[in-house]
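# Give me the fold of what follows.
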Amino acid sequence: MGTCPKVSQTAQTNQEARMKIITVVGARPQFIKAAAVSRAFRNYPDIQELIVHTGQHFDHNMSDVFFKEMDIPHPHYNLQVQGLSHAAMTGQMMEKLEAVLEKEKPDAVMVYGDTNSTLAGALTAKKMHIKVIHVEAGLRSHNMRMPEEVNRILTDRISDILFVPTQHAMDILKQEGFENFDCKIFLSGDVMEDSAIHYAKKAAAESTILQQLGLQQNKYCLATIHRQENTDEPGRLLNIIEALNEINNHMPVVLPLHPRTRKKLKTLHIEPAFAIIDPVGYLDMMQLLQHTRLVITDSGGLQKESFFFSKFCIILREQSEWVELLEYGYNFLASSEKEKIVGTFHILADRKFEKQHNFYGGGTASEYIAGTLHQLQLK
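From the prediction side, this is the model:
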């Protein structure tokens, strides 16, 4: 059993709470989504939540300022596991989580999404006979080469309570036979929409990113590239940059880019002809997203956030978990094919976005989750 990390003073309060939930997160997007549910938990004094940060995505920007500005609860435990292979990372997380769970003896462990932290939290809890709650259950890319796909399938299968973001995800779980498993399944809506709505208002009041970059509202294209299959494959990376170069001839492109990928462009002698900026914080990204003309990305989260803010999205991948956005013509797959990326841009550049569907709950998912757990009383 691993050594139990030092616990903050706040973890020792509310010991009389009737139901204790430990939330395991490991990446900044998970903190932002978990914050929405944490806000909803405040309406239920009988629920005590402790937050464990595995450390999976070490981020210098995740400082005290980040938690204060985003109104996100500080983690009660930080396991500081990062920079390892998938297997080593997951194993170390499980060892350290076991110590935390043994000490805290929660009634349930809540995990989000599909990271190694998600799987480690679920596996550790299940082996200790602690109930597992999975938020964002039922998503599938049908690509088993993606580590995220393995994580989400395994986490779903061992979870006791599954909160599902969309009807399509509900249908997937039904097709996979989950109705025959010993678990409870709820169509909750998507907590990511809750967060987007909440932080968009904050971004509008606090972010000055448009003024800093000299961007005009609705007259630029926001792009992001971060997935390894795009950044680590020279041919794909070249195609994407050349496509963005051509699009930039018609509409300014802005690309927040990790320094590692920027260095790779230089090494490969790939010349961007558009604005590359350093990675931005969540509030600045929300502001850029709200006022862009359209989005080009390989990010799973940004695909949905584009829809939340009524923006078309060109996806630099072969498949997407958000099938409903493809089916109804809000998002478009282009992979790394230059002609397809540019051609889709020209089709969408002047098209009016008409949102005719509410796939994700409209901002009510967090309250639904908190209220449901309050009613279930997991003792």
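# How many residues are close by N43?
Per other C-beta atoms under 10 Å, the neighbour tally for N43 reads 11. From N, CA and C alone the C-beta is placed, and that goes for glycine too.
# my read is it is in a helix, agree?
No. Looking at N43 with DSSP: H, G, I helix; E, B strand; the rest coil, it is coil, so not inside a helix.
# For I133, which three-state class applies?
At I133 the chain is in strand, as set by three-state DSSP.
# From I21, how far out is it?
As judged by C-beta to C-beta, to the nearest Å, I133 and I21 stand 7 Å apart.
# Please identify which of those two sits among more neighbours.
I133 (28 against 22).
# what does the lowest-mean-pLDDT helix or strand in the chain contact?
Of all helical and strand segments in the chain, the minimum by mean pLDDT, DSSP states H and E falls on helix 64-69, at a mean of 75. Helix 64-69 has contacts (C-beta atoms under 8 Å, 6 or more residues apart in numbering) with 28, 72-74, 206, 281, 283.
# Please tabulate these in a markdown table, including the columns secondary structure.
Output for the contacts of helix 64-69, formatted as a markdown table (three-state DSSP):
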| residue | secondary structure |
| --- | --- |
| R28 | helix |
| I72 | coil |
| P73 | coil |
| H74 | coil |
| E206 | helix |
| G281 | coil |
| L283 | helix |
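# need the residues you listed in JSON lines with neighbour count and distance to H269, can you?
Below are the contacts of helix 64-69 laid out as JSON lines (neighbours: other C-beta atoms under 10 Å; distance: C-beta to C-beta, whole Å):
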{"residue": "R28", "neighbour count": "17", "distance to H269": "32"}
{"residue": "I72", "neighbour count": "21", "distance to H269": "41"}
{"residue": "P73", "neighbour count": "19", "distance to H269": "46"}
{"residue": "H74", "neighbour count": "12", "distance to H269": "44"}
{"residue": "E206", "neighbour count": "12", "distance to H269": "39"}
{"residue": "G281", "neighbour count": "18", "distance to H269": "31"}
{"residue": "L283", "neighbour count": "19", "distance to H269": "35"}
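# I'd like the residues you listed as TSV, with distance to M146 appended.
Listed next are the contacts of helix 64-69 as TSV, based on distance: C-beta to C-beta, whole Å:
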residue	distance to M146
R28	20
I72	27
P73	30
H74	31
E206	35
G281	27
L283	29
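# Closest to K126 out of the residues you listed?
Nearest to K126 among those is P73, at 24.9 Å by C-beta to C-beta.
# Count the residues that sit near the nearest residue to that closest one once chain neighbours are set aside.
The shortest distance from P73 to any non-neighbouring residue, by C-beta to C-beta, 6 or more residues apart in numbering, is to S38 (5.3 Å). For S38, the neighbour count with other C-beta under 10 Å is 18.
# Wasn't S38 part of a strand?
No. Going by three-state DSSP, the assignment for S38 is helix, not a strand.
# Would you mind listing where the stretch 151-300 of the chain has pLDDT under the threshold?
Judged against pLDDT under 70, the stretch 151-300 of the chain has no low-scoring part.
# Torsion angles phi and psi at A203?
phi -60, psi -40 (degrees, to the nearest 10).
# before we move on, the earlier item: quick one: common contacting residues for I133 and I21?
108-110, 373.
# among these, which are in helices?
When DSSP state H is applied, the shared contacts of I133 and I21 are split such that L373 fall in helices.
# Just flag the most distant two among the shared contacts of I133 and I21.
Distances among these were taken as C-beta to C-beta; the most separated pair is V109 and L373, at 12.2 Å.
# Okay then, goodbye and thanks.
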